[in-house]
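1. okay, sequence plus prediction incoming.
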Amino acid sequence: MAIVKLKLRRSSPDGFLVILTAKNLDEETEGFLPPLPPNLESSFNEWQSAYRQIEAVRSCATFRLTPKSVTIYSHAEHTLAVKDELNQWLNTYDSRWRPIRDRLIAIAQQLHQLNEEIRVIIDAKDIDLRRLPWQEWNLFEEHYPNAEVALSAPKSSNQKINKLVPKSTKTRILVAVGRSDGINTKDDLKVIQDLETDGVEVRCLIKPSRKDLCEALWDEQGYDIFVFTGHSGSQEDGQIGWIELNDQDILTIEEFKEALKQAIDKGLQLAIFNSCDGLGLANQLAQLHLPQVIVMREPVPDPIAVDFLRYFFQEFTHNNKSLFSSVKKARKRLEHFKSDYPGAIWLPTICIEANVEPLTWQGLREISPPSPTPIKPKDSIPQSKKNIKPWLLIGLIGVVVSGGALYLAGKKVHSDLSSVTTPEGTWFYGGSTSWALIRQYVDPEIKKAHPQFELRYTDAINATPGSGTGIRMLLEGQLTFSQSSRPIADREYQQAQQRGLSLKQIPVALEGLAIAVHPSLQIPGLTIGQIKDIYTGKITNWNQVGGSNLKITAYSRRLDDGGTVEFLVNNILNGEKIGSNIIYVYDTTDGLRKLASDRGGIYYASAPEVVPQCTIKALPIAKQGNSFIAPYIEPLIKPEQCPNQRNKLNIDAFKTGQYPITRQMFVIVKQNNGGSLEQQAGEAYAKMLLTTQGQKLMNEVGFVRIR
């Protein structure tokens with residue numbers, strides 16, 4: 001991505017000092033632009049005044065509206081006049097301005113040869129400059145035809161805080177529908193809700209109170225995108241904006257900034273105000289370091305607002321274009337409104353922080369489960385049983401005896417997902433975070449095969465997600481079935497009996513557990529004993545295991561959080577307590593994010609979640625001695641080669657038992673004598689995962705098939 005920026009600062013009544021920079025070319029040129037010509041100012045004011053006379057906009061610039069009938073007061077000649085006057089100004093022959101124009105043309109030629117996407121940023125404090133349609137400059141149209149022009153967010157004196165990424169495995173969008181009398185916000189809402197078919201989690205607030213909005217923004221899971229639709233406005237100087245939440249509450253950004261700061265710190269990347277006159281909103285949000293905002297420069301009629309939102313998300317989500325490209329394409333597709341709403345194509349505007357890389361849909365999360373790469377296991381001769389680790393073999397035997405084998409024995413092996421009979425209805429499930437990739441990539445295939453078998457992922461309200469949480473929610477009637485990365489514990493069997501229930505665990509796959517460290521750490525690997533000593537606090541420096549003199553920071557989720565932690569304690573720590581030196585994290589996303597910036601860090605998680613990541617690396621592991629086995633197919637792909645190349649899971653080593661840390665994955669189902677619909681739904685889900693197609697799909701996302 002190439003960045004071309006024009007910084008304009010008023011140096012005197014005679015005009016503006018201009019600094020042109022091109023980041024990729026290490027380019028900087030100074031020039032001087034004469035002041036805004038009176039004819040340009042008057043033309044713009046005439047266009048703005050005429051535009052605001054359309055329907056109920058009239059002289060009010062704070063409302064979005066639905067016109068009863070279109071009466072055209074803003075004629076096309078007003079927009080043409082603005083464009084002509086703008087070009088006369090920017091194409092001036094003033095010798096102090098010519099260096100900027102000439103260098104812009106030369107830079108464009110150089111960047112086109114590099115075949116990079118170009119973004120153009122106007123860095124101006126003067127509101128009159130920020131309101132101008134810079135994209136209409138014919139120099140940009142001719143030499144930067146594919147570049148969108150954005151406004152630079154004003155710099156804040158506040159110290160910037162490193163942001164987290166949202167804790168959910170899904171992309172999360174918070175939508176607030178404010179006071180909307182006279183406008184139709186249902187279509188806006190539908191555009192966002194339609195994204196749920198792509199696996200997006202959408203939370204909607206309809207005319208929320210201040211408390212409702214603030215509590216939603218404080219959500220611990222965080223959000224990726226915030227969308228507001230309804231009435232809003234800004235002061236004429238573009239410094240302060242406000243939104244109308246409901247019939248009583250009108251809020252400036254200042255009045256709910258603490259909640260916004262929490263959302264931003266938890267990973268909020270983009271806010272879209274599909275509402276009127278949002279430059280003041282963008283200005284205030286920049287002070288809170290929200291990386292990117294999309295606003296409308298003027299009051300925006302319903303048809304324009306809805307079409308823009310639809311076109312934008314089509315480009316952004318389905319075509320995976322950058323934020324800049326998506327806005328440009330969506331904005332240009334508004335040209336069919338030119339006759340009814342002249343200048344409407346100017347309205348959508350990006351405001352972006354300096355040095356922020358524009359979003360793409362796939363790159364929305366800093367650390368997120370990468371798209372699976374189908375893995376075709378190599379033909380290999382199975383190893384003898386002596387290679388299976390004793391403690392793992394004992395554990396697997398226990399699982400089989402406890403009921404898994406009873407389920408599998410004598411059951412028909414189905415060939416594909418559609419061959420399994422499923423009960424109709426909506427079924428709630430959740431549990432282990434290690435199942436995230438299965439939920440993300442396998443479950444949508446189940447939905448395609450059985451549209452009437454509706455799966456609804458559900459998190460606990462006041463607890464962190466995990467195997468234990470899922471089983472507890474199952475016992476409490478909050479889930480139809482749960483997903484677990486460990487067997488059912490004795491205490492859980494007892495709790496089920498006390499409730500008059502019984503539980504059944506159905507093994508569906510095998511997976512590896514990976515030990516992750518910072519990419520700069522140079523050690524050949526770790527033994528099971530060394531991992532135990534690190535997590536019980538006996539080993540505290542990497543020089544104790546052959547590394548440099550660097551303090552170890554051991555990260556973990558809490559014991560009650562999930563099956564992965566219990567597996568570590570029971571099978572690697574041999575029941576010993578986790579050391580007091582451990583730093584606890586919310587989930588794997590949080591753990592990997594911390595690890596990526598901590599040279600001394602270590603973390604453990606499901607191998608499919610760890611191995612393909614670019615910002616950390618997985619370590620080879622040995623039962624003892626130096627017989628290290630990597631959880632990835634060697635050689636190791638280095639960070640600088642990623643994401644063009646990613647490390648692939650060592651499926652053969654997991655399958656044969658050569659890799660020393662593997663475990664089974666279970667579907668947990670409630671049983672009763674009558675065989676309830678919930679039991680049928682859970683068993684049907686497990687059966688689908690055990691079909692030939694289901695096992696193949698799970699294998700492709702990094703799990704080892706057991707059939």
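-> Looks like it came in fine. Residues are numbered from 1 along each chain as shown.

2. ok, Pro35 - how many residues close by?
-> Using other Cβ atoms under 10 Å, Pro35 has 15 other residues around it. Placement of C-beta: from N, CA and C, glycine included.

3. same deal with Arg310?
-> Neighbours around Arg310, by other Cβ under 10 Å: 18.

4. setting aside sequence neighbours, what's the nearest residue to it?
-> For Arg310, ignoring the flanking residues on the chain, the nearest one in space by Cβ to Cβ, 6 or more residues apart in numbering is Val191 at 5.0 Å.

5. any idea which element that neighbour lies in?
-> Element membership for Val191 (DSSP states H and E) is helix 186-193.

6. residues touching the residue nearest to Asp247 when sequence neighbours are not counted, list them.
-> Spatially, and ignoring its direct neighbours in sequence, Asp247 is nearest to Arg179 (6.0 Å; Cβ to Cβ, 6+ apart). Residues near Arg179 by Cβ atoms under 8 Å, 6 or more residues apart in numbering: 207, 230-231, 244-247.

7. let's see which of these end up in strands.
-> Glu244 (DSSP state E).

8. quick check: bridge partners of Leu151?
-> Beta-bridge pairing of Leu151 under DSSP bridges involves Ile122, Cys351.

9. Asn650: how many residues sit nearby?
-> Residues lying near Asn650 (other Cβ under 10 Å) number 24.

10. quick check: of the contacts of Arg179, which lies closest to Trp435?
-> Closest to Trp435 out of these is Lys207 (36.3 Å), distances taken as Cβ to Cβ.

11. just checking, what packs against the longest helix that the chain contains?
-> Criterion DSSP state H: the longest helix present in the chain is helix 98-114. Contacts defined by 3 or more Cβ pairs under 8 Å, 6 or more residues apart in numbering; DSSP states H and E place helix 98-114 against strand 2-12, strand 15-22, strand 27-33, helix 138-143.

12. show me where this structure dips below the pLDDT cut-off.
-> 24-27, 55-75, 155-168, 181-184, 237-238, 354-355, 365-414, 561, 673-675 (pLDDT under 70).

13. ok, longest strand in it?
-> Criterion DSSP E: the longest strand present in the chain is strand 502-517.

14. list the buried residues in it.
-> Within strand 502-517, the residues scored as buried using 16 or more other Cβ atoms under 10 Å are 503-517.

15. now swap in stretch 76-85 and tell me
-> 78-79, 81-83, 85.

16. can you put those in TSV and add secondary structure and distance to Arg557?
-> Formatted as TSV, those follow (DSSP: H, G, I helix; E, B strand; the rest coil; distance: Cβ to Cβ, whole Å):
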residue	secondary structure	distance to Arg557
His78	helix	60
Thr79	helix	57
Ala81	helix	63
Val82	helix	57
Lys83	helix	58
Glu85	helix	61
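
17. can you redo the residues you listed as a markdown table with distance to Gln613?
-> Output for the buried residues of stretch 76-85, formatted as a markdown table (distance: Cβ to Cβ, whole Å):
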| residue | distance to Gln613 |
| --- | --- |
| His78 | 53 |
| Thr79 | 49 |
| Ala81 | 54 |
| Val82 | 49 |
| Lys83 | 48 |
| Glu85 | 52 |
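
18. identify the residues contacting the nearest residue to Ser152 once chain neighbours are set aside.
-> The shortest distance from Ser152 to any non-neighbouring residue, by Cβ to Cβ, 6+ apart, is to Asp123 (3.8 Å). Going by Cβ under 8 Å, 6+ apart, Asp123 touches 5-8, 151-152, 354.

19. can you tell me how far Asp123 is from Val442?
-> 47 Å (Cβ to Cβ, to the nearest Å).

20. can you list phi and psi of the nearest residue to Thr252 once chain neighbours are set aside for me?
-> Take Thr252 and drop its neighbours on the chain: the residue closest to it by Cβ to Cβ, 6+ apart is Trp242, 4.7 Å away. Backbone torsions of Trp242, given as degrees, to the nearest 10, read phi -150, psi 160.
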